[in-house]
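Trainee: Any chance you could fold what I've pasted below:
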Amino acid sequence: MALARIASLPGTTLFKNSGGADTPYLPNNTVVALDNPYSGWANINPSTTPTIGDLDLPKYLWYLPSTSPFLIQSGEIAYFYRRCTLTFSTPLTTETIINISMQAVADNACMANVYILPYIETTPDPDYPYTETFYFGKFNQAESFFETSPYTWQSINSKAFSISNTTSIPIPSIKNWSSIIIELEGAIMNYAASPIGNPLNPAGFQYNIEFDNLPEDTVFTNTNNQNPANPLK
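Mentor: Next comes the predicted model:
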């Protein structure tokens, strides 16, 4: 079976600086990797080996150049978006359970949606879409001063779930999925700099999502040419 990975890498993740559908993601607004990330940040280091998708390990991303962590504004929220398609050369004809695992770490708070929409030929599966929400930290500047260790940027947050091409209503049956659209959108809030101690206020976002138990003939395609179906606000 195939294993697909989408990871936080420059060039494939888009950004914007305000939420909602009225502010679109633009194809040229791609994130940058932080060449010199903060030394205290946790790092995602998967032990798996993907067969399709992103083969490199995830990196810390932000929309500013890597020389500008000092310029992050307290309370700033940045939005990140990734879209891809898994296409099956032969539509699924047997029960298939696709296992999905997500890991993320951010400086500071993170709110993310993983949106999944399978297709049967050119028609969306009527039992979908499915959205998995991923949330850690507090989206509130006032509350951020009361957080204690371990902080969001010290811990790797994980979540696992699965999807299946079977249904029991009105009768048990197998749905012949031919492709799956996957979207990740995350909103990252950078907290205020500490009023005492180190005045630096770095920001960053790292993620890794893996899709296991895919058919061997699965084709992975980056499709960052549309906005999210249900954008974060």
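Trainee: which residues touch the most far-flung residue of the chain relative to its centre?
Mentor: Using Cα atoms, centre = their mean, the residue of the chain lying farthest from its centre is residue 171. It sits 34.4 Å away. Residues counted as contacts of residue 171 (Cβ atoms under 8 Å, 6 or more residues apart in numbering): none. The way it works is simple: take the backbone N, C-alpha and C, and place the C-beta from them, glycine included.
Trainee: For residue 165, see how far away it is.
Mentor: Distance of residue 171 to residue 165, computed by Cβ to Cβ, to the nearest Å: 15 Å.
Trainee: again, but for residue 23
Mentor: Counting by Cβ to Cβ - residue 23 and residue 165 are separated by 35 Å.
Trainee: Those two - which one has more neighbours?
Mentor: residue 165 (22 against 14; other Cβ atoms under 10 Å).
Trainee: how close does the more buried one get to residue 129?
Mentor: 14 Å.
Trainee: can you give me the helices for this protein?
Mentor: Using DSSP state H, the helices of the chain run over 141-144.
Trainee: Below-threshold pLDDT in it: ranges please.
Mentor: 64-75, 194-200, 225 (pLDDT under 70).
Trainee: partner residues bridging the residue nearest to the spatial centre of it?
Mentor: With distances taken as Cα atoms, centre = their mean, residue 184 lies nearest the centre of the chain, 4.1 Å away. With DSSP bridges applied, residue 184 shows beta-bridge pairing to residue 82, residue 114.
Trainee: and what of residue 78?
Mentor: Assigned bridge partners for residue 78, using DSSP bridges, are residue 188.
Trainee: How about the contacts made by it?
Mentor: With Cβ under 8 Å, 6+ apart, residue 78 has these contacts: 15-17, 62-63, 187-188, 190, 203, 205.
Trainee: what's the answer for residue 60, then?
Mentor: 8, 33-34, 37, 41, 204-206.
Trainee: Report how many residues lie close to the residue lying closest to residue 176 once chain neighbours are set aside.
Mentor: Among residues not flanking residue 176 along the chain, residue 91 sits closest, at 4.2 Å (Cβ to Cβ, 6 or more residues apart in numbering). Residues near residue 91, counting by other Cβ under 10 Å, number 15.
Trainee: my read: residue 91 touches residue 177, true?
Mentor: Yes - between residue 91 and residue 177 there is a contact at 6.4 Å, judged by Cβ atoms under 8 Å.
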